[in-house]
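K.L.:
Sequence plus the predicted model coming up.
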Amino acid sequence: MKKIIVISLTFVLLCAGWHICFPYYLRWLEGFSFFSTLPDYTDLIHDLPKELFKYLGAFLLQFYTIPLVGPALQALYPVIVVLCTYVIVRRLSDDNENLMWIAFLPLPAVVYYLLNDMNLVKSVSVLFYAVLAMLVVCVATIKRKPFKSIPAFMHNKYLALVIIVLSIGISVTVIAKNDKLQWVHEDAAKLEYLGEHQKWDEILETVSVKESVKYDFKRRYVLLALSEKGLLAEHAFRYGLSSSTDFVFDAPQDPFECKLNTIFYRALGKNDPAAYYVYLYTLHATSGLTFFWIRTLTDMYLEYKDYKLAKKYMDILSFSTCHGKWLRERMPVLESIKDVEPEYPSPEGRFFTEYFMKDIANMVINDQSNHKYADYILCGTLADKDSRNFLQVFSVISPSLYPDGKIPTLYQEALLILMNNNPELAEKFNIDDEVRARFADFMSLVRSGATGQAKRKFAGTYWAYVL
């Protein structure tokens, strides 16, 4: 009974460690993997045992998208190793009661070894060899047990308790203190999850202003959230916007950067670049395919009302294990476009040059009343301190964007600076009295030589940015 309690407690603590520290990273692993029962995929298992381990790992990763299942499986792998080791100890010795602590000795090493196992090849191989070793020992000791006399100190209950507690404690600490996973993968995976599910408020709650200013990856998600909330022209510089390249990655180097670009262009309503970046994302995966790639393409073709291609990718997902609900939710949409002609964007509406500002300029030309497009090009030119282009673009699109004359605060701040050399602008654009008063206060500090105080007092404004 005590042994069951100890094993159960070990499992619960390891599971809690994974669930508390890396819930989003474990979900991310599912999207970065792929599994199918289609013959084309199963036929790839020809290099045994490595390919078999990869196949079994991909099968298990499907379940990581379910809350608590991923942490439970991550905890289960080392616990199974402990159980196999305990069976081996029992088979080698006549003492079946007081040597359980030996089985816990490898626990911290196993947990550490399996930490960064993204495709579960290590986990499956460790389980395979642990079970194999257990079976070999069981067969070899059918007739006799080689160790009949065990040194007395090994029967000490206090020694057993100390080693078991230390092994579990070290293992949980190894999980919790894995800085690489915590500060790179988990934080990025959480922002990806929130962005993919359009939880913009939660992104703004998750990333502080200080973090956004310091980390360019987090800043990109914050700027996207601000744009989707219609707040980019109010708070862009407060959250650290410093260049027009801060919105997306021009040349993404890893799957996290590729996925950010995919989510960004999907939110912008531009599927061409989104498809390109999700393809780059998939190139980083060892499987050559990913669930995220197929799900994204499926949704794109459903939006385009392309029945054949949408059905093709939905059929592929039907041969996985955990997409039943996801497919059922989209089946009515698929049936509704069965006899409909696909609706792809017109050639003049499809832009993708891998240079964001050029693309967004073309988008603005084709749709001058789109606030989202306008904020990106206007904030981008201000971030690049390109006042000439800002004024040129703003003069053209402001009548359709702000027919009531109510201009976002950030643009008023930029216009006030431009009015110093172009006083005629004062008659063309309305500036709030409050903004004028704050600008006068700012300029008073600057003229008195208190530039540091001016930057601190007016932090987050365009004035402080260009000072």
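P.N.:
Received it, and whenever you're ready, just let me know what you need. Numbering: from 1, shown residues only.
K.L.:
Run a quick neighbour tally on residue 77.
P.N.:
By the criterion of other Cβ atoms under 10 Å, residue 77 has 21 neighbours. From N, CA and C alone the C-beta is placed, and that goes for glycine too.
K.L.:
Model confidence score at the residue nearest to it when sequence neighbours are not counted, please.
P.N.:
Spatially, and ignoring its direct neighbours in sequence, residue 77 is nearest to residue 123 (4.7 Å; Cβ to Cβ, 6 or more residues apart in numbering). Predicted confidence (pLDDT) for residue 123: 96.
K.L.:
Next, the buried residues of the helix or strand hosting residue 123.
P.N.:
In the assignment (DSSP states H and E), residue 123 maps to helix 121-140. Buried residues in helix 121-140, counted by 16 or more other Cβ atoms under 10 Å: 121, 122, 123, 124, 125, 126, 127, 130, 134, 137.
K.L.:
OK, contacts around the fourth one?
P.N.:
So the one you mean is residue 124. Contacts for residue 124 (Cβ atoms under 8 Å, 6 or more residues apart in numbering) come out as 53, 56, 57, 60.
K.L.:
wait, which of those residues is closest to residue 33?
P.N.:
Taking Cβ to Cβ as the measure, residue 33 lies nearest residue 57 of these, at 7.9 Å.
K.L.:
tell me which element that closest one is part of?
P.N.:
helix 50-61.
K.L.:
Tell me which other helices or strands that helix touches.
P.N.:
Under the contact definition 3 or more Cβ pairs under 8 Å, 6 or more residues apart in numbering; DSSP states H and E, helix 50-61 sits against helix 121-140.
K.L.:
The stretch 51-200 of the chain: helices as residue ranges?
P.N.:
Along the stretch 51-200 of the chain, the stretches classed as helices by DSSP state H, counting those that start in this stretch are 69-92, 100-104, 107-113, 121-140, 157-176, 179-180, 187-196, 200-206.
K.L.:
What of the stretch 301-450 of the chain?
P.N.:
Remark: helices assigned in the stretch 301-450 of the chain by DSSP H, counting those that start in this stretch are 307-317, 324-336, 356-366, 371-383, 387-401, 409-419, 425-428, 433-447.
K.L.:
Am I right that residue 442 is in contact with residue 453?
P.N.:
No - contact criterion Cβ atoms under 8 Å: residue 442 and residue 453 do not qualify, at 10.1 Å.
K.L.:
out of the two, which sits in the busier spot?
P.N.:
Shown here are residue 442 and residue 453; by other Cβ under 10 Å, residue 442 has more neighbours (20 against 12).
K.L.:
And that one, how far from residue 450?
P.N.:
Here the criterion is Cβ to Cβ, to the nearest Å. By it, residue 442 lies 10 Å from residue 450.
K.L.:
Return the distance of the helix or strand that residue 294 is a member of from the chain's centre.
P.N.:
Secondary-structure element containing residue 294, defined by DSSP H and E: helix 291-303. Its chain's C-alpha centre and that of helix 291-303 lie 17 Å apart, by Cα atoms, centre = their mean, to the nearest Å.
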